[in-house]
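Novice: Fold the stuff below for me.
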Amino acid sequence: MQNAPKLSEITPANRVNNISEYYFSKKLREIAEMNANGKQVISLGIGGPDRPPHADTIETLCRESRRDDTHVYQPYVGIPELRQAFAEWYKKWYRVTLNPKTEIQPLIGSKEGILHISLAFLNPGDGVLVPNPGYPTYCSVSRLAEADIYTYDLQEENGWMPDFEALEKMPLEKIKLMWVNYPHMPTGTCATIELFTRLVEFGKRHKIIIVNDNPYSFILNDNPLSILEIAGAKEICIEMNSLSKSHNMSGWRIGMLASNSQFIEWILRVKSNIDSGMFRPLQSAAVTALHCGKDWYDSLNRQYASRRLVAEKIMNALGCTFDSGQKGLFLWGKVPDTANSGEALADRVLYDANVFITPGFIFGSQGDRYIRISLCATEDVLEKALQRIKTLNFKENK
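Specialist: Alright, predicted model coming up:
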């Protein structure tokens, strides 16, 4: 009988060696240890809404969960009522007409959708355009798919918009897919119809699939836009969306993607081999949420607007500069010239003031001299963080 291999002789797949643990996963463990030691850290890092969904949404979940016939496996394509509700939502708010039977795919959160899309379209060695700064999962999932990553820089002096002249100089014959994310996380830059029009034209001309990740379009924004509003966009574009931010349902894991029927069918082949349909009462509750009126979004944004004022005071106390026109759940600020980096500033705030803010470097090299503050904390908590930071006298002791 052969001896069992020693643990040291077992190695993971190469794709595991190409990624690291998610930054927030590691940092939250460190913060938990600090709290265990009595530090009482205030977290302004994660973008997870701290308020509940609409009361009617919760009531639907409770009511449907009590039924005897809602606890079985559900279809991979989602229940018809949910697809129809997503279609009506897109028509009402984004002016986009979608066929609920063939052009919408519900997801267990849009983060999973990044993986489904990548596996559906990318072969090993295919090129992927990823924004810098941008959501780290675009890179990590591309590595899991064994694709080649080509970052395109977004710069403050260019309004955090893609530089199309620079894009044209990249090896576009190798590129299969491009990730975009407007309203942009982490910078809060809003999309324009002009930008989306150029992206659609760029994708068609170079046969590059354009994927717009669009979860922030309702937050502090009176004019939600979709890339699918552009004529012919569905031929080359995919848009992901989510109820996590717009409806305070981040832990519910309900998202969707929309595109042409062929793209949807290919993505479904991947999804149906990875996960299953969502719990039916969750889907029914999502239908209720999607029928929220303008008063829901207005109420949400009044709350975030008040919090944003305190976050701006925190940025000022840190000596940071920022664009007051940002949208979304965060405030993105540039650190003063006297700071070594955004990471150094964030670490000082964490260890000296026990306040956790996100350093911009985790979103790419273009974020190195920036920090991000989450608005997912009450005004009282934000005020408490402000008072702690003021005691450090950043402006006086650079």
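Novice: neighbours around residue 232, how many?
Specialist: 11 (other CB atoms under 10 Å). All C-beta spots, glycine's among them, are computed from the backbone N, C-alpha and C.
Novice: tell me which strands and helices the lengthiest helix in the chain is in contact with?
Specialist: If you go by DSSP state H, the chain has its longest helix at helix 294-317. Packed against helix 294-317 by the contact rule (3 or more CB pairs under 8 Å, 6 or more residues apart in numbering; DSSP states H and E) you find strand 321-322, strand 330-334, strand 370-374, helix 379-390.
Novice: do you know which of these lies nearest residue 178?
Specialist: strand 330-334 (22.0 Å; CB to CB).
Novice: Run through the neighbouring helices and strands of the closest one.
Specialist: Going by 3+ CB pairs under 8 Å, 6+ apart, strand 330-334 lies up against helix 294-317, strand 321-322, strand 370-374.
Novice: Please compute how far it lies from its chain's middle.
Specialist: Computed by CA atoms, centre = their mean, to the nearest Å, the separation of strand 330-334 from the middle of its chain amounts to 15 Å.
Novice: OK, contacts around residue 220?
Specialist: By CB atoms under 8 Å, 6 or more residues apart in numbering, the residues touching residue 220 are 301, 304-305, 308, 326-328.
Novice: From those, keep the buried residues only.
Specialist: Neighbour counting with 16 or more other CB atoms under 10 Å marks 301, 304, 308, 326-328 as buried within these.
Novice: Most widely separated two among those residues?
Specialist: Within the buried ones among the contacts of residue 220, two members stand farthest from each other by CB to CB: 301 and 326, at 13.2 Å.
Novice: ranking the helices and strands packed on helix 294-317 by burial, who's on top?
Specialist: strand 370-374 (a mean of 27; mean count of other CB atoms under 10 Å).
Novice: Touching that one from outside, list them.
Specialist: So strand 370-374 is contacted by 43-47, 133, 186, 311, 314-315, 318, 320, 329-335, 342, 345-346, 357-360, 363 (CB under 8 Å, 6+ apart).
Novice: what's the offset of the helix or strand containing residue 32 from the middle of its chain?
Specialist: In this structure, residue 32 is located in helix 23-36 according to DSSP states H and E. Between the centre of helix 23-36 and the centre of its chain there are 21 Å (CA atoms, centre = their mean).
Novice: For it, buried residues please.
Specialist: 24, 27-28, 31, 34.
Novice: Is the residue nearest to residue 263 when sequence neighbours are not counted part of a helix or strand, or is it coil?
Specialist: Nearest in space to residue 263, with sequence neighbours left out and distances taken as CB to CB, 6 or more residues apart in numbering, is residue 238 at 6.0 Å. At residue 238, secondary structure determined by DSSP: H, G, I helix; E, B strand; the rest coil is strand.
Novice: Any idea how many residues pack against residue 238?
Specialist: Neighbours around residue 238, by other CB under 10 Å: 26.
Novice: Okay, residue 288 and residue 263: tell me how far apart.
Specialist: Distance from residue 288 to residue 263, counting by CB to CB, to the nearest Å: 28 Å.
Novice: Now do stretch 29-40, average pLDDT.
Specialist: Throughout stretch 29-40, pLDDT has a mean value of 90.
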